[in-house]
Each structure stands twice: as structure tokens, then as C-alpha cells.
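[1] What follows is a predicted structure for the sequence shown.
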Amino acid sequence: MESFFATVVKVLVLMKNPANELRALSLWVVIVPLATINICYPIAVAFEHVSACIPYLEGCTSVSSTGRNPPESLIFKTGMLSSAIVLALLWHQCADFLRQGGQATWRVNLLRVFGFLAALSLTLYAVTVGLKTAELRFLTRMGVNGFAICNLLIEITFIVLYKPMRIIATQKLFRWLIVFCIAIPLLGVAVEVAKWAGAPKHPSDKTVAWNAFVMVSAYYAVMARILWHHGYSGGRLTSPSHCRNGRSVQ
């Protein structure tokens, strides 16, 4: 028991370091939403709320269906609502990090605005998913579409602002950011082409939604790895301009 509490104390001390906090926030956004839908899906199957298949390939059910009915809806809403809060905090702190790297305040504030709107959209989606009336289902769709648009704008903005600040250690990782950012809208184009060619509409849309979730998580995973290369010195995050040869100057 003593060792458990000692571990908790060490974690809390580490979290006081702004660099560790920023990394932890980015990892949360990678892990928790993706884990949430993949935990909720087999529970929903077990309670016969959705069909059993490989949704990433067959699209037999939507992502939202994994969170419409209890008990899985409790896990779904908890995971998504907590991730919405973390998402807003992540982009707020990431804006500070980029400002320390020399970016103008008005530019980094775009991250804060888009981050807040994305978090608000995700919250709207999580709160209204599973509700039955047509009006509330419309709000669910607004939440989904709002999150998709705002998140794509965030990804593009981060790429543009971080590009002039790259260090040697993050050159290849930066290219992966671009790949995943492009891959998400390409999924939408691909599904429209597939439907035009005769693929079933609803399974195709559902398959894209599941795989888009993976692409978004992959983007944040690369971003977390990029942030890992930047340290903490002099009471603040070490900006890219203070790094040399992929190592933070401490």
C-alpha cells in the first residue's frame, strides 16, 4: 500500500512539470477515445444492442451505436466527455508552447479557438448520442460534423505553425503528421467513389467513421511523440528554437 501511494505521489510530481503535462494530455487524446469505442463495442454485442462483425472492415454498426444503450453508454459518455475536456486543455497548452517558439499570439489563439469548438462539438455529441427525438439526433449529427471540421482545422493549423520550428529529431515525424492529416479527408473521398461504384451506402459510411477514428488517434500519437522531443528548462517548456540536433538544451 505504501509503495502504491509513493507511486501516485511521484506521478503527481511529474505532472507538475509542464512538459510532462502536455505529453500526458496528448496521450490521453490518443488512447482514451479509441479505447472507449473498442471497449463499448463488445459490450454492446454481448447485450445484443449491435450486430457482431469487424466494424473497421464491414461497417455493420456505427460508432454512435456503441454508446446508445446502457451499460456501455455510461462508459462511452464518460470517455468522450472527459476527452473533450482534455482536448481543450491540450490545445490551450500547445498554443503556449508554440508561442514560446516564436509564433504570433493571434496565430496560436487559432488553436485555442478551434480546440474549444472541437471540445464543445464532442461534448454535444456525447451528451445527445442515443437520445430518440429527431431534434436531438440532429444535435448529435451537428456534434459529429462540428468535431470533424474543427479537428481537421486544428491539425492543419498545428502543421503550419510547427513547420518552421522543426528540429532534426522531428523531421520524419512531421511528415507523418501531414500524411494522417491528408488521409482523413481522403477516406471521405474514397467512400463517395465506392458508393458511386455501387457499394452499399450505410455500411460504407460506418466503415469510414471507424477508420477515421483511428486516423485521428494516429495524428495525436505522432504529435505526442513530437512533443516528447521538447523538454523543460528555466520554468517553462523548452521551445523548438531552444533545441539543437534533436535534443533539448537543459
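    Good, I have the coordinates.

[2] so the residue nearest the centre of the chain is in which element?
    Centroid-nearest residue in the chain: residue 29, 4.5 Å away (criterion: CA atoms, centre = their mean). Assigned by DSSP states H and E, residue 29 belongs to helix 18-46.

[3] Sort out which residues of that helix are buried, please.
    Counting neighbours by 16 or more other CB atoms under 10 Å, one finds that the buried residues in helix 18-46 are 18-19, 21-34, 36-37, 40-41, 43-45. From N, CA and C alone the C-beta is placed, and that goes for glycine too.

[4] pretty sure the residue nearest to the centre of the chain is touching residue 90, no?
    Yes: the pair residue 29 / residue 90 is scored as a contact, 5.9 Å apart, by CB atoms under 8 Å.

[5] With residue 147 as the reference, measure out to the nearest residue to residue 145 once chain neighbours are set aside.
    Nearest residue to residue 145 in three dimensions, chain neighbours excluded: residue 121, at 7.8 Å (CB to CB, 6 or more residues apart in numbering). As judged by CB to CB, to the nearest Å, residue 121 and residue 147 stand 4 Å apart.

[6] The closest residue to the residue nearest to the centre of the chain other than its chain neighbours: neighbour count?
    Using CB to CB, 6+ apart and skipping residues adjacent in sequence, the residue nearest residue 29 is residue 220, 4.7 Å away. Around residue 220 sit 24 other residues, with neighbours defined as other CB atoms under 10 Å.

[7] packing partners for the helix or strand containing residue 220?
    Under the criterion of DSSP H and E, residue 220 resides in helix 201-228. When contacts are defined as 3 or more CB pairs under 8 Å, 6 or more residues apart in numbering; DSSP states H and E, helix 201-228 packs onto helix 18-46, helix 55-58, helix 134-162, helix 171-196.
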